[in-house]
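*Asks:* Return a 3D structure for these sequence lines:
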Amino acid sequence: MAPSENAGEADRGPLSRGGLAAHPLFAVGAVLLGSFLANFDSRLTSVGQPDLRGAFSLGFDEGAWLSTAAIGSQILIAPAVAWLATVFGLRRVLGVPSLIYAALSLIIPFVRDYPTLIVLAILHGMLLGTFVPATLMIIFRNLPIRWWLPAISIYAIRVGFALDTSTSLVGFYVEHLGWQWLYWQSVVLAPLMALMVYLGTPAEPVNRTLLRNADWGGMLLLGSAVSMIYAGLDQGNRLDWLQSGTVVALLGGGAVLFVLFLVNEALSPQPWAHFNVLFSRNIGLSLAVILLYTLTSLSNASLVPNFLATITQLRPEQSGSLLLVYGALPLIVLVPLSIWMLRHLDPRIVVVLGLGAFAAANLLGTQLTHAWAREDFIVMVLLQSFGQAFTLLPIIILALSNSDPARATSFAAYIQIMRLGGAEIGVALMGTWLR
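*Replies:* Residues are numbered from 1 along each chain as shown. Predicted coordinates for the structure are as follows:
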């Protein structure tokens, strides 16, 4: 069940050493901006890639690597963010990177040298990778327990909302403001998020005990391993998988580094993310359900926008209205309904309803033909919106209720791998099946 306001101290999870937020609304605002900015930025880069290739004068291959660098570098840092926030405090881990991120967002549209562009895209992605994990830490470390469910709901719907509004936003930027605003929106929003982090989270001293015993080798090995595997999966279909030495090197090298990470965690006196956390009560099952959610929601991310762009030849500003009206706007009603149901029903019932909606949408998608027009997707998009609102939030609640607060940083590391890597596994599998 959802956490009760009367839950004991053990149910709170890891609290900030500086105490609860003096201004919870600012903390919630930081969660809202951080989680949405991360997903919007990644999605805008993907949807707007044709416009970015033209603006930067890139070939198709160069554009594909730019996308891989921008999104794949997030997973290099994301697993370690919960530990970094515990040691250095959320102001340092989220506030300072957001300002640097805003500066890079301002500079990137002016760059025309491709190697420099790739380097900046990697740095940009690494900074962006701190946003979602750190904003999730704000909820558990700095918000009163009665704020948890609404705040987690904001975190949970960020994916669906970004998917359903990004297409319209790309169209608006390109048609009316200029492609540069695919980056420059962050120049406005990231400093605002930094301000809310400063106002909504307490100042915390550096935890020098944890810092002295840091498992830097484990963090570097895991981040490098999963980022290499991500890049191999992202480029696999384009380069024909094992026929490409680049893909083989990325996947093989990532696998070797991951094995070394497991050895490091087994031998380290104070492992950072020991893999035995996956065998804790229901944690492995929760991660498996998150992966299944990612796969079942893939039609929302790929089928509708890709079909409308590729088959019906619609521009983002033409197809985006469908996803905005029938995908994003219903979430305004469905998310409060999901919260109400979680307060009165077993979360497992809500999960089943959400996954059932995705199953119905995907079953409807099997009837797809080349004759479908934009309006034929209305029912499918509505079902996907229902699934987004009723699936991820109760999954997170179930995972939290069955997790050990003492092992929160280990669990958070694997959550971030599943969040970023699970989506790429689904896209790679789907691309291969379609070929």
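
*Asks:* Just the CA trace of stretch 209-217, in PDB.
*Replies:* Only the C-alpha atoms of stretch 209-217 are listed here, as PDB (Å, rounded to 0.1, in the frame of the first residue of the first chain):
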ATOM      1  CA  THR A 209      33.400   9.000   6.200                       C
ATOM      2  CA  LEU A 210      31.600   7.700   3.100                       C
ATOM      3  CA  LEU A 211      34.000   9.700   0.900                       C
ATOM      4  CA  ARG A 212      37.100   8.100   2.400                       C
ATOM      5  CA  ASN A 213      35.600   4.600   1.800                       C
ATOM      6  CA  ALA A 214      34.300   5.400  -1.700                       C
ATOM      7  CA  ASP A 215      34.100   2.500  -4.200                       C
ATOM      8  CA  TRP A 216      35.300   4.700  -7.100                       C
ATOM      9  CA  GLY A 217      36.400   1.600  -9.100                       C
END
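
*Asks:* Residues contacting that stretch, please?
*Replies:* For stretch 209-217, the surrounding residues in contact (C-beta atoms under 8 Å, 6 or more residues apart in numbering) are 83, 86-87, 264-265, 268-273. Placement of C-beta: from N, CA and C, glycine included.

*Asks:* mean confidence score for it?
*Replies:* For stretch 209-217, the mean pLDDT works out to 88.

*Asks:* tell me the SS of the most far-flung residue of the chain relative to its centre?
*Replies:* Centroid-distance maximum for the chain: A371 at 33.6 Å, with C-alpha atoms, centre = their mean. Local secondary structure at A371 is given as coil here, using DSSP: H, G, I helix; E, B strand; the rest coil.

*Asks:* How far does stretch 214-226 sit from its chain's centre?
*Replies:* 20 Å (C-alpha atoms, centre = their mean, to the nearest Å).

*Asks:* Could you shift the numbering so residue one becomes 441, and keep it that way?
*Replies:* Sure, I'll start numbering at 441, so the last one becomes stretch 654-666.

*Asks:* in it, what's buried?
*Replies:* 655, 658-659, 661-666 (16 or more other C-beta atoms under 10 Å).

*Asks:* quick one: contacts for L539?
*Replies:* In this structure, L539 makes contact with 630-631, 634, judged by C-beta under 8 Å, 6+ apart.

*Asks:* tell me the domain ranges of this protein?
*Replies:* 458-654, 655-707, 712-875 (automatic domain parsing).

*Asks:* Tell me which of the ones you listed is the most buried.
*Replies:* Greatest average neighbour count among the domains of the chain goes to domain 458-654 (a mean of 20), per mean count of other C-beta atoms under 10 Å.

*Asks:* which residues touch S778?
*Replies:* 593, 790, 829-830, 833-834.

*Asks:* Sorry, wrong one. I was asking about T605.
*Replies:* 480, 760, 763-764, 768 are the contacts of T605 under C-beta under 8 Å, 6+ apart.

*Asks:* quick revisit: show me which of the buried residues of stretch 654-666 is closest to G494.
*Replies:* Relative to G494, the closest of these is V666; by C-beta to C-beta it sits at 31.5 Å.

*Asks:* Tell me the helix or strand right after the helix or strand of the chain with the lowest mean pLDDT.
*Replies:* When each helix and strand of the chain is scored by mean pLDDT, DSSP states H and E, helix 738 comes last, with a mean of 71. Counting by DSSP states H and E, the element after helix 738 in chain order, helix or strand, is helix 744-750.

*Asks:* Can you name every helix or strand that that next one contacts?
*Replies:* Judged by 3 or more C-beta pairs under 8 Å, 6 or more residues apart in numbering; DSSP states H and E, the packing partners of helix 744-750 are helix 756-763, helix 818-841.

*Asks:* Out of the contacts of stretch 649-657, name the ones that lie in helices.
*Replies:* Among the contacts of stretch 649-657, DSSP state H puts 523, 526-527, 704-705 in helices.

*Asks:* could those go into TSV alongside pLDDT?
*Replies:* Formatted as TSV, the ones in helices among the contacts of stretch 649-657 follow (pLDDT from 0 to 100):
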residue	pLDDT
W523	87
T526	85
V527	89
N704	91
E705	87
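
*Asks:* Pull up the distance across stretch 807-817, start to finish.
*Replies:* Chord length of stretch 807-817, first to last residue, is 11 Å (C-alpha to C-alpha, to the nearest Å).

*Asks:* Quick one: distance of the helix ranked longest in the chain to the chain centre.
*Replies:* In the chain, assigned by DSSP H, the helix with the most residues is helix 848-874. Distance of helix 848-874 from the chain centroid (C-alpha atoms, centre = their mean) equals 10 Å.

*Asks:* Please give me every residue in contact with P776.
*Replies:* Applying C-beta under 8 Å, 6+ apart to P776 gives no contacts.

*Asks:* Over to G503?
*Replies:* G503 touches 489-490, 492-493, 496, counting by C-beta under 8 Å, 6+ apart.

*Asks:* if we go to 10 Å?
*Replies:* G503 makes contact with 489-490, 492-494, 496, according to C-beta atoms under 10 Å, 6 or more residues apart in numbering.

*Asks:* cool, and L832?
*Replies:* Shown in contact with L832 (C-beta under 10 Å, 6+ apart): 592-593, 595-600, 729-730, 733-734, 737, 778, 791, 794, 859.

*Asks:* Just the local confidence number for N722, please.
*Replies:* Listed pLDDT for N722 reads 67.

*Asks:* just I837 next, same as before
*Replies:* For I837, pLDDT reads 80.

*Asks:* ditto for A525
*Replies:* 86.

*Asks:* So it versus M566, what's the distance?
*Replies:* Note on A525: its distance to M566, by C-beta to C-beta, to the nearest Å, is 15 Å.

*Asks:* Over to P642?
*Replies:* According to C-beta to C-beta, P642 and M566 sit 26 Å apart.

*Asks:* Ok, I578 next?
*Replies:* 20 Å.

*Asks:* can you check D491 too?
*Replies:* 24 Å.

*Asks:* Low-confidence bits of this protein, can you list those?
*Replies:* Along the chain, segments meeting pLDDT under 70 span 441-462, 720-722, 739-741, 842-849.

*Asks:* which stretches of it form strands?
*Replies:* In the chain, no strands are defined using DSSP state E.

*Asks:* so what's the spatially closest residue to A470 that is not a sequence neighbour up against?
*Replies:* Nearest residue to A470 in three dimensions, chain neighbours excluded: M636, at 4.0 Å (C-beta to C-beta, 6 or more residues apart in numbering). Residues near M636 by C-beta under 10 Å, 6+ apart: 463, 465-474, 534-535, 538, 578.

*Asks:* Relative to G611, which of these is nearest.
*Replies:* Distances from G611 to these, taken as C-beta to C-beta, are shortest for L473 (22.4 Å).

*Asks:* What lies in contact with the least confident helix or strand of the chain?
*Replies:* The set of residues external to helix 738 that reach it, using C-beta under 10 Å, 6+ apart, is 798, 802, 862-863, 865-867, 869-870.
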